[in-house]
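Dropping the sequence and predicted coords here.
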Amino acid sequence: MSPYRRNMMVGLTVLVALLGLGWMMLKFGGRAMTPFQPVRIPITFVGNRADGLSEGSSITYRGKQVGQVTNVRLEDDLQSVVVEGQVEPPLPENVEGIIRTTSAIGSSSAIVLTTVDQLPAGSVKPGQKIAIRFVGLDLIPPEFAELARELKETSKQFRESNLILHLDQQVKRAGAVIDSVQKLIDDPKMREDLNITMANFRTASENASRISGKLDALTDETTATVKSSRKTIEDLGKQLNDRMVQVATLLDQTNSITTKINQGQGTAGKLVNDEKLYSSLVDTTQQLSLTIKDLQRLIQQWEQEGVTLKLK
């Protein structure tokens, strides 16, 4: 073999060996350093997208790399993506994964762990499932993306509700109303009626002002009358009170007289309570009744026979 061919073969062999070494370093470089790395625990990320993730993609927390992706697979429902990885504890338990593109000119991505709450809590456990979501380059704050999404939904609702058509109809109706009002304003008869109405309203306002003044005067007079009537009523109440005192005194005296009569005191008491006197009065009444009857018979006899006088 000539020296030239021998050198070509040696060079080609060295080149193939270098290429194989580079591929092996890329393929098994991480695994070769595994015995010298800190202990890692397996975790699982679940989301609906895994753009740019592959075996070896980095997992970071607060800017520090804490693990790598070991496998990316699609679930059987063809809607969810499962990303398996290994991380170095300790890490908080209340975290979520954000898939963020690492470069604007490339497609590779990394998983960034962020706490769900303001403060870290708990400790991540082996095999724990963590939710992930894709944000891409994330050059624009998420608030703007949320605003854009809401604006898109609002625009869609506007189109579906035919709001523009309704607004156009309302504008046309408003234009028709304005035209009608303009016609009314341009009508001379209407303007004249409005002027008369305003004049009547002004006159009514003036009359109301005068009536208000008279009502104030009437209120003052009524107040004075009420005060005078109150004084008169107070005097009548005082007089009525005096009369009531007199009536009470008279009732007391009547009650005293009645008590004395019931007890047989005084002439009236004896007259009422003495049975003998009562019997005497009854007998006297009967005798008077007989005497009256005799007189009546005598008068009748005189009327019939006349009066006979005996002269001696």
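Good, I have the coordinates.

Where in the chain is the helix or strand with the lowest mean pLDDT?
Scoring the helices and strands of the chain by mean pLDDT, DSSP states H and E places helix 266-273 at the bottom, with a mean of 64.

What about residue 115, how many residues nearby?
16 (other Cβ atoms under 10 Å). C-betas here are computed from N, CA, C, even on glycine.

How about residue 194?
Residue 194: 13 neighbours (other Cβ under 10 Å).

Over to residue 82?
Residue 82: 16 surrounding residues under other Cβ under 10 Å.

mind checking how far it is from residue 73?
5 Å (Cβ to Cβ, to the nearest Å).

do residue 25 as well
Counting by Cβ to Cβ - residue 25 and residue 73 are separated by 26 Å.

now do residue 17
In terms of Cβ to Cβ, residue 17 sits 34 Å off from residue 73.

remind me which residues of this protein are low pLDDT?
For the chain, applying pLDDT under 70 flags the ranges 1, 26-37, 138-146, 158, 163-164, 184, 264-274, 277-278, 306-312.

Run through the helices of it in chain order.
Using DSSP state H, the helices of the chain run over residues 3-32, 142-161, 163-186, 188-262, 266-273, 275-305.

Report the distance from the last one to the chain centre.
Which is helix 275-305. Offset of helix 275-305 from its chain centre (Cα atoms, centre = their mean, to the nearest Å): 102 Å.

One more: the second one?
Here helix 142-161 shows a centroid-to-chain-centroid distance of 30 Å under the convention Cα atoms, centre = their mean.

so what does that helix touch, helix or strand wise?
Taking 3 or more Cβ pairs under 8 Å, 6 or more residues apart in numbering; DSSP states H and E as the contact definition, helix 142-161 has no neighbouring helices or strands.

tell me the angle of that helix relative to helix 163-186?
Taking axes from the mean of the first three to the mean of the last three Cα atoms, to 10 degrees, one finds helix 142-161 and helix 163-186 inclined to each other by 70 degrees.

and what of the longest one?
Orientation of helix 188-262 against helix 163-186 (the same axes, to 10 degrees) gives an angle of 90 degrees.

Ok, the last one next?
Counting by the same axes, to 10 degrees, helix 275-305 lies at 40 degrees to helix 163-186.

how about helix 275-305: buried residues?
Residues of helix 275-305 include none that count as buried (16 or more other Cβ atoms under 10 Å).
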